[in-house]
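In: The amino acid sequence is not available; the structure is as follows:
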């Protein structure tokens, strides 16, 4: 038995309507009454668009025109608008319509709740992204604010450690130095976690010497191991020597975190770092293995050892301290580099962490070769090196003064970028040390102004080293884009500052050779 149109209009849950080419309703389904309160007989003979929300009328008219002009075989194009309920409110309808002869056949469905849910989801996503950006900005600012006084602590303690000290004084200085290093690492860890959460952590791909990249974190951990009476062994394959292309900072961070954990959780015995390289047909991999004779953990703990804020068991944090971020950062960084990390352990018998990271060996860049040639800051210069320091923080000024006191250098100090530009225009300097964040004119603007001044004068560029507590990758890129030759992150030590200056001078010498 055939089902006539009238019966279909009676039983349909969707909103069905037939209108003429002038827009008057010829027939409407009963569902209009249940959904919007309009009886079909009240709608028939009257314009359908009188129920459309005024704000949606322009878009609706465009859809009406599209339907009326649609050719046979063209797909039906849907649209969404709001229709007035009999109670004065509005409901959101999703439409499909097609023209046959001089009639338009339309079917609509109430999607008010769905659209509202989608809007809430979009708003929630936007709010979450805004909160994530705000948190990232907050942590970046906090990083800067913490690193600035920390630069004074670590820099001055570093200078103090190079003066004659009694054994008791040397011990106290060492404790302060180690505490400062730990605090700096905590600040860096929180910043890395924030960048990972926001999806903003970018990896660098530049040539680096693997041995030089890992030496700082190894030596720091060697001192900590010595303090606990532990032996720290480093075994390195010959194939794992030389220059590679990748992110030296992040690889060093992985090694530092693994060694730090191993030393922290080992009371007696030893910690071993094995550095190897596996050469395959399609790619080479750097392998890092850290073994210890520490407390270890069971299989249940192993399943969550790389989770954020996780320790092997709840007594670990009370016994050893720590944030539980180190291993989660290792996993996140390893994943970003396309590598793998795993752990095996046995309670009371130590642990073994294994990392494998794709890493391509490259020829050493000319700058790296030149760096090893310079034994002094100014090897080819007679008389003192003339250094311009732009730094607004008195403690940080004093740190640089203490470091440069051991060098043959004349130090001119200014307190903001504007003064730096003025001093540079009126004097001759061999190198500029520029803070990034200063009042009146920041270091980036001052660097650009100096480079513009040099371009107008002609001649060689003066090396500029950016010293900044803004230590993220984007800050390094900003410094280089502004015209700086190198970015040295605070807190600085004699080794990091003098090493940075030597690298820049060696690079300049290589370019001019």
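Out: Thanks, I have the structure now. What you are looking at is a predicted structure, and each value in this text was computed from that prediction instead of being measured.
In: Closest to the centroid, which residue in the protein?
Out: In the chain, the centroid-proximal residue (C-alpha atoms, centre = their mean) is residue 201; its distance is 2.6 Å.
In: doesn't residue 192 make contact with that residue?
Out: Yes: using C-beta atoms under 8 Å, residue 201 is in contact with residue 192, at 6.8 Å. Placement of C-beta: from N, CA and C, glycine included.
In: anything in contact with each of these two?
Out: Here residue 201 and residue 192 have residue 332 as joint contacts, going by C-beta atoms under 8 Å, 6 or more residues apart in numbering.
In: For residue 137, which three-state class applies?
Out: Secondary structure for residue 137, judged by DSSP: H, G, I helix; E, B strand; the rest coil, is helix.
In: What of residue 364?
Out: Of the three states, residue 364 takes coil under three-state DSSP.
In: Find the nearest non-adjacent residue to it, please.
Out: In this structure, residue 364 finds its nearest non-sequential neighbour in residue 243, 4.5 Å apart by C-beta to C-beta, 6 or more residues apart in numbering.
In: what about the strands in the stretch 201-350 of the chain?
Out: With strands called from DSSP state E, counting those that start in this stretch, the stretch 201-350 of the chain shows them at 206-209, 231-236, 243-246, 270-279, 284-292, 340-345.
In: So which of the ones you listed is the most surrounded?
Out: Among the strands of the stretch 201-350 of the chain, ranked by average contacts under mean count of other C-beta atoms under 10 Å, first place goes to strand 284-292 (a mean of 21).
In: in the stretch 251-400 of the chain, which segments are predicted with low confidence?
Out: Residue ranges of the stretch 251-400 of the chain with pLDDT under 70: 303, 308-324, 365-382.
In: Please apply the same query to the stretch 1-150 of the chain.
Out: The stretch 1-150 of the chain contains residues with pLDDT under 70 at 1-6, 136, 139-140, 143-144.
In: Just list the residues touching residue 391, thanks.
Out: Contact analysis of residue 391 by C-beta under 8 Å, 6+ apart lists 397, 400, 413, 415, 433, 435, 438, 467.
In: okay but the last one is in contact with residue 490, surely?
Out: Yes: when contacts are counted by C-beta under 8 Å, residue 467 is listed as touching residue 490 (6.3 Å).
In: can you give me the helices in the stretch 301-450 of the chain?
Out: Per DSSP state H, counting those that start in this stretch, the stretch 301-450 of the chain carries helices over the ranges 314-320, 326-336, 366-371, 394-404, 417-426, 443-457.
In: angle of the fifth one against helix 443-457?
Out: Here the directions of helix 417-426 and helix 443-457 differ by 20 degrees (axes from the mean of the first three to the mean of the last three C-alpha atoms, to 10 degrees).
In: try the fourth one
Out: Computed with the same axes, to 10 degrees, the direction of helix 394-404 lies at 60 degrees from that of helix 443-457.
In: centre of the chain versus helix 394-404, how much separation?
Out: Remark: helix 394-404 is offset 30 Å from the chain centroid, using C-alpha atoms, centre = their mean, to the nearest Å.
In: And that helix, what does it pack against?
Out: Secondary-structure packing of helix 394-404 (3 or more C-beta pairs under 8 Å, 6 or more residues apart in numbering; DSSP states H and E): helix 112-161, strand 385-390, strand 409-414, helix 494-512.
In: angle of that helix against strand 385-390?
Out: In terms of direction (the same axes, to 10 degrees), helix 394-404 departs from strand 385-390 by 170 degrees.
In: wait, isn't residue 246 in contact with residue 205?
Out: Yes: contact between residue 246 and residue 205 holds when scored by C-beta under 8 Å: they sit 6.3 Å apart.
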